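Enquirer: here are the coordinates; sequence isn't available:
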């Protein structure tokens, strides 16, 4: 992959020069957290922590229209998807997108996802972990694909910029003079030193080795009933998880006229209706059944299907769940029993 | 992977249904109605292909979409048939539709029965209640390609004569000498039922001419039926991976995206809905 140098003071100039591609979205402070918002290059918080919602909100919006219909038939809604530049995507979130790519682009490719993915330029930015990050344990603290450009901190006055796609190359060429190919040996050293320093900063110690077997062995464990009793079935974990992609489909119809639309909206397997079928049979009537589905899907089943967990270590479930059920407490409980659910 | 030209719906957008016209409908029981549909675009009618055991996503614009098993056989092209029980929003709205009304269809989806593997084998088809809907497809397919199969047993159980789906069609099949057609009702409240009275499991003792090693069984019915029927099939010494079941789940997309039908690492819509008894034992949650 091509790697170039960009002076930190030139970042603003660079973002201004690529503005013709689309609207710039970047992490902006919202209360005591951050959120991806449309913003001017001046207002970007370069030290932003995790955003409330991950990048999936750009590719699979909370709610969107798949098609409209009238007496003549169905018309897909694909033409009004905006071009956007998303700046400041952290490695874990890009890894989350790579997982969504598998789900949405293999086996019956989803045109809504693909169109949004194509029209969104992803400019990644390296970050430092806070007390909830564990991307080092899930192998997502660095990403090698899934972005157009990736800016890595070096602890000095420049970024190292990875060109990850043909679009990324186009964007770089819109301000080619700001980049330099002149990477010296000491630059490499500064970069590796920064990475070593970063590795020391992780605080969450979550051990995911052998998780599939542990899940398989614990499927009938009473732990699930206890966690189920604690779970509020609020669905917050699914909303903030970068790899939760379940959705519901609802039709709306206009009164009087024979027309309407079919919409998709986020759903969560922790909600009661998730596995309810017509006739009233609910395959997962208990909260413990649904919660077990959530975590076995992330930490066991996905490993079986793709060889790695679909948890990217972003720590969002750790900061979001009101009753402290999250990847960390769950893995720890399955390993050491009743650590967190006394 | 299925050849794209055989799929109903838009080739570039798997979520867009194709319009089909209701050709015929009539009641099978008090709450199950039979629908025959054909593509509005006449040239499409003969190119549609599906395997027995697959399903389609059926839309009524403004109400929603639901997965329905295909009851017809690909060996009789032109029309697609569904059995619909009036239980939810979409099915309820289908009951209000008449001949020549249009509905949206996309599919077929799912793995279906492994037709190629079943060739040359003996078949035991066990259906209960609405389980007749997907298994009728397999049964008619096997009868239309009669030379490809060995002995064929059909075991069909219903609560009472009024609740038996396709009772006339199956009753006529009892005349055939190339099919062991065995029908039973739990209770005969009409006093005129010409076949067996008793549970569907009571029919198993009449299965004689099979070699379990080369026999496949296909089951579909209400959840309570599985346990007892499985016991009977195991008593016949049919290997677990040769016992096939057509399972049901909530589905919103049919194409492995919405997540609702996931069981462990398996999507019922892509990897199912046909699973073997071994799959069921291997994957907790698949049935219950």
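Expert: That came through, no problem. Note that the structure is a prediction, hence the values are computed from the model and not measured.

Enquirer: residue at max distance from the center of chain A?
Expert: Distance from the C-alpha centroid of chain A peaks at residue A:256, with 41.1 Å (C-alpha atoms, centre = their mean).

Enquirer: can I see the domain layout of chain A?
Expert: Following automatic domain parsing, one finds the domains of chain A at A:2-199, A:211-336.

Enquirer: can you give me the end-to-end span of the shortest one?
Expert: Spelled out, that is domain A:211-336. By C-alpha to C-alpha, to the nearest Å, the extent of domain A:211-336 from end to end equals 13 Å.

Enquirer: does it reach chain B?
Expert: Yes: Domain A:211-336 reaches chain B (C-beta under 8 Å from any C-beta of the partner chain) through A:219, A:245-253, A:260, A:262, A:267, A:269, A:274-279, A:281, A:283-284, A:289, A:293, A:296-297, A:300-302, A:304-305. From N, CA and C alone the C-beta is placed, and that goes for glycine too.

Enquirer: of those residues, which belong to strands?
Expert: A:247-253, A:260, A:262 (DSSP state E).

Enquirer: wait, which of these is closest to chain B?
Expert: Using C-beta to the nearest C-beta, residue A:253 comes nearest to chain B of those, at 3.6 Å.

Enquirer: contacting residues around that closest one?
Expert: Shown in contact with residue A:253 (C-beta atoms under 8 Å, 6 or more residues apart in numbering or on different chains): A:259-260, B:61-63.

Enquirer: any of the residues of domain A:211-336 next to chain B buried? List them.
Expert: A:245-249, A:251, A:260, A:262, A:267, A:269, A:274-278, A:283-284, A:289, A:293, A:296-297, A:300-302 (16 or more other C-beta atoms under 10 Å in any protein chain shown).

Enquirer: of the contacts of residue A:253, which is the most crowded?
Expert: When neighbours are taken as other C-beta atoms under 10 Å in any protein chain shown, the top entry among those is residue B:61 (26 neighbours).

Enquirer: give the contact list for that one.
Expert: Contact analysis of residue B:61 by C-beta under 8 Å, 6+ apart lists A:69, A:74, A:251, A:253, A:260, A:262, B:104.

Enquirer: run the last query once more with 7 Å
Expert: Residue B:61 makes contacts with A:69, A:251, A:260, B:104, as judged by C-beta atoms under 7 Å, 6 or more residues apart in numbering or on different chains.

Enquirer: where do the helices sit along the stretch 1-150 of chain B?
Expert: Applying DSSP state H, counting those that start in this stretch to the stretch 1-150 of chain B gives helices spanning B:89-95, B:115-118, B:132-144.

Enquirer: list the buried residues in stretch B:273-287.
Expert: For stretch B:273-287, a neighbour-count test (16+ other C-beta under 10 Å) marks B:273-277, B:279-280, B:285-287 as buried.

Enquirer: before we move on, what about stretch B:94-104?
Expert: B:94, B:102-104.

Enquirer: JSON lines for the residues you listed, including distance to residue A:316 and pLDDT?
Expert: Output for the buried residues of stretch B:94-104, formatted as JSON lines (distance: C-beta to C-beta, whole Å; pLDDT from 0 to 100):
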{"residue": "B:94", "distance to residue A:316": "41", "pLDDT": "94"}
{"residue": "B:102", "distance to residue A:316": "44", "pLDDT": "91"}
{"residue": "B:103", "distance to residue A:316": "41", "pLDDT": "92"}
{"residue": "B:104", "distance to residue A:316": "37", "pLDDT": "91"}
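
Enquirer: now the residue nearest to residue A:41 when sequence neighbours are not counted: which helix or strand?
Expert: In this structure, residue A:41 finds its nearest non-sequential neighbour in residue A:15, 4.1 Å apart by C-beta to C-beta, 6 or more residues apart in numbering or on different chains. Element membership for residue A:15, per DSSP states H and E: helix A:11-17.

Enquirer: outside of that helix, which residues touch it?
Expert: With contacts defined as C-beta under 7 Å, 6+ apart, helix A:11-17 is touched by A:6, A:24, A:41-42, A:87, A:174-175, A:178.

Enquirer: same thing but at 10 Å, please
Expert: Contact partners of helix A:11-17, identified using C-beta atoms under 10 Å, 6 or more residues apart in numbering or on different chains, comprise A:6-7, A:10, A:24, A:26, A:39-42, A:44, A:46, A:85, A:87, A:123, A:125, A:149, A:151, A:158-159, A:161, A:171-172, A:174-179.

Enquirer: mind listing what the spatially closest residue to residue B:144 that is not a sequence neighbour touches?
Expert: Excluding the flanking residues, the one nearest residue B:144 by C-beta to C-beta, 6+ apart is residue B:75, at 3.8 Å. Contacts for residue B:75 (C-beta under 10 Å, 6+ apart) come out as B:52, B:137, B:140-145.

Enquirer: great, nothing more from me.
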